[in-house]
Each structure stands twice: as structure tokens, then as C-alpha cells.
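K.L.:
sharing a model that was predicted from the sequence below.
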Amino acid sequence: MAKKTSIEAYGLQNKNIVIANILTMAAQSLSLSEKRILFAAIAKAGGIKATVKLSAQEYATTYGMPIKQAYEQIKEAAHNIFNRYVTLTRLDGKEDTTRHFRWVEAYEYKEGLGNVILVFTNSVMPYLIDLEKQFTKYKLRQACALRSVYSWRLLELFEQQSEGWLLIDLEDFHHAMNATKTHRNNFKDTRSKIIEPSIKELQENDGWFIEWEAIKRGRKVSSLRVVFSRKLPD
């Protein structure tokens, strides 16, 4: 039996995720399994432009799941990731400017081995490499236990900040969360389906203390103010 590599044995949990703030605020259009695979690959690449191979064993170890489940998720998500894209809005301060680009330009899936090989697009690479300012950085392990992509996105919004508070327009929050039309049209849905479950999961799984309030302009909620801190692991 071949000896496992250190990553296969211990996973990618201690690797850093480093992405540009503009990518943190973008609509990422990823499901949870797609984000797990893609961001494990980003962590493994380590800020270097490279073709990244992610094995089912690495994936299973990183996210603490049975190897069979890892095979199934990689197989299903690999093709979907090829069709996912980033949406940037309000570029250069212009509210009517929107840009779309794909995460990956090519992928290979090894059926027998359960391996996926990802090649990131030239459009996304400037937001992943050689970042010296205006970037979001966190450990992949902070997201490994999360079961909702909304929780993960909220984690990224928090980690983008340096002062322990976040003030965000509701429109920008909906954009970052890829909120549905129902969520956008009804703040009660946003609160009950996105905000409250995400806060609960982050508090239970990553040691966050979070307080939030909805700010109204007239009778409608216009923005969110969140105060947060995180208990660092021993």
C-alpha cells in the first residue's frame, strides 16, 4: 500500500485562504461542496499560479467525511465548478458596471482515483496571487465544520474587516450571499434563512461572538451593522 502524503493524512485545514477583498464581496455562485473543493484548491495553491490537483483522500481528510462521500462530491461538483462564475458589481464606484468571469478554464476528473485537476482562469488569478493589500485571509479549518455556504460567506465578510465590526448595505449583502429573489424581496426571509442560521453556526463551530441589527431608511431595511469577535483556539 502506498504511503499517504502529509496532506492526505492530515488535510489542508492549516493552510491559509487568501483572496482579494473584491472577491470576498463578489457573488461567487458556489454551492457548499463546490466552494469546499474550489477553496481547498486555492489553499493548496498557496498564492502561486499553478494547476492544482485535489485528491478524494485530501478532500475527505480536510472536511472530515467518509472517503465514499468525498468521491461522490468531487465527481458531482467538478463539472459544476467549470460552469460557475464570479460576478463583480459597482466597479470603480460605478453602480451600473458589472463584470462576470469563470473560476476555472479547464478541469480533469480521474474516475478511478477520484482526483480533480483544476486550472484557474487568467481573470480570477489577479485576485488570488501576489496580494499585498486589501485582501481577506483566514485558515481553511475555520470553514471545515460549516454546513452552510451562507455561514462561510459571512465568515469571509468578517475576516475582511480589521476593527471587529461590519456595516454593509443590504443590497451588497444580498449580492455577496447570492440571495434569491424571495430573500431580496422579503427581509424576514433574509433574516430567518441567511442571517440567523449563519450566525448560530459560526458561534457554535468557530468560536464567534456576534451581535447584529438591521438599520432602516424609512420603513425598509437598508443596511446591516454587525459587531463581532472570535475566541481564538488554544
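P.N.:
Noted; the coordinates are in hand.
K.L.:
ok, and for the longest helix anywhere in the chain, which residues are buried?
P.N.:
Secondary structure of the chain per DSSP state H: the longest helix is helix 67-82. Using 16 or more other Cβ atoms under 10 Å as the test for burial, helix 67-82 gives Ala70, Tyr71, Gln73, Ile74, Ala77, Ala78, Ile81. (Glycine included, C-beta is placed from N, CA and C.)
K.L.:
what of stretch 130-143?
P.N.:
For stretch 130-143, a neighbour-count test (16+ other Cβ under 10 Å) marks Leu131, Phe135, Thr136, Tyr138, Lys139, Leu140, Arg141, Gln142, Ala143 as buried.
K.L.:
give me the distance between His79 and Arg230.
P.N.:
35 Å (Cβ to Cβ, to the nearest Å).
K.L.:
which helix or which strand is home to the closest residue to Leu166 other than its chain neighbours?
P.N.:
With sequence-adjacent residues excluded and distances taken as Cβ to Cβ, 6 or more residues apart in numbering, Leu166 is closest to Val226, at 4.4 Å. Assessed by DSSP states H and E, Val226 sits inside strand 220-230.
K.L.:
just the pLDDT for the closest residue to Tyr71 other than its chain neighbours.
P.N.:
In this structure, Tyr71 finds its nearest non-sequential neighbour in Gly114, 4.3 Å apart by Cβ to Cβ, 6+ apart. Per-residue confidence at Gly114 stands at 83 (pLDDT).
K.L.:
got it, and the one 10 residues further on?
P.N.:
At Val124, the pLDDT value in this model is 96.
K.L.:
do Lys4 as well
P.N.:
The confidence metric pLDDT takes the value 57 at Lys4.
K.L.:
check the offset of the longest helix of the chain from the chain's centre.
P.N.:
Relative to its chain's centre, helix 67-82 lies at 17 Å (Cα atoms, centre = their mean, to the nearest Å).
K.L.:
what is the burial count for Gln13?
P.N.:
Neighbourhood size, Gln13 [other Cβ atoms under 10 Å]: 17.
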